[in-house]
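> pasted the sequence and its predicted model underneath.
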Amino acid sequence: MFERKVTISISQPFAPIRIDDKQLSFISIILLHLLPGALTMLLMLLVSSLLQQFGVFPVIPVLFVVVAPVLIVMQLGFLFYQGKRLNGKYSLQGIVLYRDHPMPGWKMAALALPILAWIAFVFFAARPPLNAFFVQHFFTWIPENFHDEAFLAHLNAFSPSFLKIVGILFTLSITMGGMVEELYFRGYLLPRMESLGIWAPFLNVLLFSLYHFWSPWENVVRLLALTPWVYAVWRARNLYLSVLIHGMINAFSGISLLLLILDRT
């Protein structure tokens with residue numbers, strides 16, 4: 001008779017997932033929110049100067065085609081660096097949080113739709129008069145090319161083919177950029193501000209708004225539009241909701257600009 005030798009291997013238990021949720025100091029919170037925006041603003045000023053030397057008027061869509069990819073790399077690079085320190089490999093595991101509370105599609109839609117409706121109301125009804133007030137009374141010193149109206153006023157300065165390329169790249173860059181911002185601001189920073197309790201989302205929104213150094217007249221509009229959204233994300237602890245909303249808003253803005261370009265050219 002033949003003997004059958006059976007070998008039973010006992011696998012090692014899975015290593016626990018490491019999570020870095022150490023709370024940030026108040027100074028670190030401020031620096032990590034504002035420093036990327038300050039560096040981006042400096043880059044925008046530098047690119048503006050270079051474009052003017054080449055005879056290109058540096059309106060915001062043109063600037064963002066150049067600057068947004070740099071900002072995306074900056075924020076993703078920081079997150080992956082933190083992942084390398086934590087996990088020994090380039091990973092977002094344990095770094096970008098609020099991903100362990102899955103939400104059914106119907107519930108995400110039920111949360112996202114009223115938030116998007118509120119944001120649309122703020123941007124279409126409140127934004128024009130509020131922006132006009134703050135620009136007129138506090139920000140007349142901001143260069144003309146940083147205002148949205150400057151692009152429409154200088155459409156004839158660009159060729160139709162150049163405008164179409166800018167419209168497509170602008171749409172892609174701000175859509176991707178908005179989603180990456182959510183990984184950084186709501187997936188990394190917000191969970192590490194929970195020691196502030198109910199004030200954490202508000203401070204996150206406030207500093208995120210100030211991070212947009214290139215459009216300070218929109219700070220009040222951003223506070224109005226974003227506060228309910230970020231509180232909902234914080235309460236649900238669901239980053240996917242935030243990525244979805246920001247991606248949709250920025251995609252809509254980019255596509256609207258692209259359609260305007262196609263209509264004018």
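Here it is on my side, so go on. Since the model is a prediction, treat every value here as computed from it, not as a measurement.

> what comes into contact with stretch 211-231?
If you take Cβ atoms under 8 Å, 6 or more residues apart in numbering as the criterion, stretch 211-231 is touched by 33-34, 36-38, 40-41, 44, 60, 115, 118-119, 122-123, 126-127, 130-131, 134-135, 138-139, 142, 146, 186, 190, 201-202, 204-206, 208-210, 242, 245. (Each C-beta comes from the backbone N, C-alpha and C, glycine too.)

> same question for stretch 28-45.
24, 63, 67, 70-71, 74-75, 184-185, 189, 192-193, 203-204, 207-208, 210-214.

> helices of the chain, start to end?
26-53, 60-87, 105-121, 127-138, 148-153, 160-182, 200-210, 219-236, 239-264 (DSSP state H).

> Throw the ones you listed into TSV and include mean pLDDT, distance to Leu97 and mean neighbour count, thanks.
Formatted as TSV, the helices of the chain follow (pLDDT from 0 to 100; distance: least, Cβ to Cβ, whole Å; neighbours: other Cβ atoms under 10 Å):
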stretch	mean pLDDT	distance to Leu97	mean neighbour count
helix 26-53	95	15	15
helix 60-87	94	11	17
helix 105-121	94	18	14
helix 127-138	95	31	13
helix 148-153	84	34	14
helix 160-182	94	12	19
helix 200-210	98	13	20
helix 219-236	96	11	19
helix 239-264	93	7	18
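
> can you tell which of the ones you listed is closest to Tyr98?
With Cβ to Cβ as the criterion, Tyr98 lies closest to helix 239-264 of the helices of the chain, at 4.0 Å.

> got the angle for that closest one vs helix 105-121?
50 degrees (axes from the mean of the first three to the mean of the last three Cα atoms, to 10 degrees).

> any idea how far helix 239-264 is from the chain center?
Distance of helix 239-264 from the chain centroid (Cα atoms, centre = their mean, to the nearest Å) equals 12 Å.

> and that helix, what other elements does it pack with?
helix 105-121, helix 160-182, helix 219-236 (3 or more Cβ pairs under 8 Å, 6 or more residues apart in numbering; DSSP states H and E).

> residues in contact with the second one: which ones?
Read that as helix 160-182. So helix 160-182 is contacted by 61-62, 64-65, 68-69, 71-72, 75-76, 155, 158, 208, 239, 242-243, 246-247, 249-251, 253-255, 257-258, 261-262, 264-265 (Cβ under 8 Å, 6+ apart).

> ramachandran coordinates for Ile142?
Phi and psi for Ile142, reported as degrees, to the nearest 10, are phi -70, psi 130.

> my read: it touches Gln136, true?
No. Assessed by Cβ atoms under 8 Å, Ile142 is found out of contact with Gln136, at 11.5 Å.
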